[in-house]
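Undergrad: Need a 3D model of the following:
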Amino acid sequence: MERGLRSVLEIRCELRQFNMDTKRRKTLEYKLRISAQARALVESWKPDVVIIADDNAAKYVIAPFFKDHAIPLVFSGVNWTAREYGFPYANVTGMVEIAPIQPVLSRVAELVGSDKGAFYLGADTLTERKNIKRFVTGAKELGIKLDHGLVATLADWKQALLKAQNYSFVIMASNSGINDWDHDVAMRITSEYSKQLSTTNHGWMMPYTMFGMTKIPEEQGEWSAQAALAIISGTSPAESLIMANRKWDLWINQGLLRTVGMRLPGKLRAKAKHFK
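TA: This is a model prediction of the structure:
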């Protein structure tokens, strides 16, 4: 998201960034403290527009401090719906983040079946708790039983991955929030213990996943930046509809597929990007 945002704004605006880091530092005390710092920065600097990313910023910064405020705000990365935060406000617009649940579940079920159900594996965060509700609903509509494991450590992730091999396929949710994540260790775990097809909506999870139908985070950053520029030029946030992301990439990890002795259909391999 930041990469997309900076590609649009960096030469046109003075841009100041504040990282809340609430996916790794999860206590309510910390979230309240860092949110107060974010509020203080905004109120002291008085920017023309504030752009926020992800649910925690919406929940702990916009909703309590900036409802109908004089400063306009643009949000991105808020998963599925912003209604729980009361959006839209008169001073708020944004882009909600959705995943292609039905298409990816349908495609994977066609490839490997779903008689043993699916397992959803991710970090124990607010974002993943929101996501899993949508996946449960989507899976139920397709007649797929969905179990899950949301974890806080790499050791627990390994144990959940081992459990996931008892299902028809594995949904690799985000690792963001697993504080001791180690790429090399996770690669070894995945190569050694993966036996069932895995899929993801997150591009950064492709090193550990066989098949991906992934969101393009730059889309949200670019949209947020363009919305901010429109506001600076005089457009009211209330005039800008809340949108949802629309772009997806298709990926396969041929190396991991070979490791587990699995081969996807030729047409799918031809259409997909190949992770290296």
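
Undergrad: packing partners for the helix or strand containing Val78?
TA: Per DSSP states H and E, Val78 falls inside strand 73-79. Applying 3 or more CB pairs under 8 Å, 6 or more residues apart in numbering; DSSP states H and E, we find strand 73-79 packed against strand 50-53, helix 55-57, strand 92-97, helix 126-141, helix 217-232. From N, CA and C alone the C-beta is placed, and that goes for glycine too.

Undergrad: strands paired with it, and their directions?
TA: strand 50-53 (parallel), strand 92-97 (parallel) (DSSP bridges).

Undergrad: These into JSON lines, with extra columns for mean neighbour count, mean pLDDT and distance to Leu111?
TA: Shown next, in JSON lines, are these (neighbours: other CB atoms under 10 Å; pLDDT from 0 to 100; distance: least, CB to CB, whole Å):
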{"stretch": "strand 50-53", "mean neighbour count": "24", "mean pLDDT": "96", "distance to Leu111": "33"}
{"stretch": "strand 92-97", "mean neighbour count": "25", "mean pLDDT": "94", "distance to Leu111": "26"}
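
Undergrad: nearest to Ala164, of those strands?
TA: Nearest of the strands paired with strand 73-79 to Ala164, taken as CB to CB: strand 92-97 at 24.1 Å.

Undergrad: And the next helix or strand past that closest one?
TA: With DSSP H and E setting the assignment, the helix or strand that follows strand 92-97 is helix 101-112.

Undergrad: what comes into contact with the helix or strand following that next one?
TA: Using DSSP H and E, the next helix or strand after helix 101-112 towards the C-terminus is strand 118-123. Residues from elsewhere that reach strand 118-123, judged by CB atoms under 8 Å, 6 or more residues apart in numbering: 23, 105, 108, 128, 131-132, 135, 139, 144-152, 157, 160-161, 163-164, 166-178.

Undergrad: How about stretch 20-28?
TA: Residues contacting stretch 20-28 (CB under 8 Å, 6+ apart): 30-31, 34-35, 38, 54, 56-57, 60-61, 123, 125, 127, 176-177, 179.

Undergrad: what's the first-to-last distance across that stretch?
TA: 13 Å (CA to CA, to the nearest Å).

Undergrad: Give the buried residues for that stretch.
TA: 20, 22-23, 26 (16 or more other CB atoms under 10 Å).

Undergrad: Nearest to Thr259 among these?
TA: Nearest to Thr259 out of these is Lys23 (CB to CB; 29.3 Å).

Undergrad: check which helix or strand covers the closest one.
TA: Per DSSP H and E: Lys23 is located in neither a helix nor a strand.

Undergrad: ok and the longest helix anywhere in the chain relative to helix 126-141, angle-wise?
TA: Ranked by residue count under DSSP state H, the longest helix found in the chain is helix 28-45. Inter-element angle recorded for helix 28-45 and helix 126-141: 110 degrees (by axes from the mean of the first three to the mean of the last three CA atoms, to 10 degrees).
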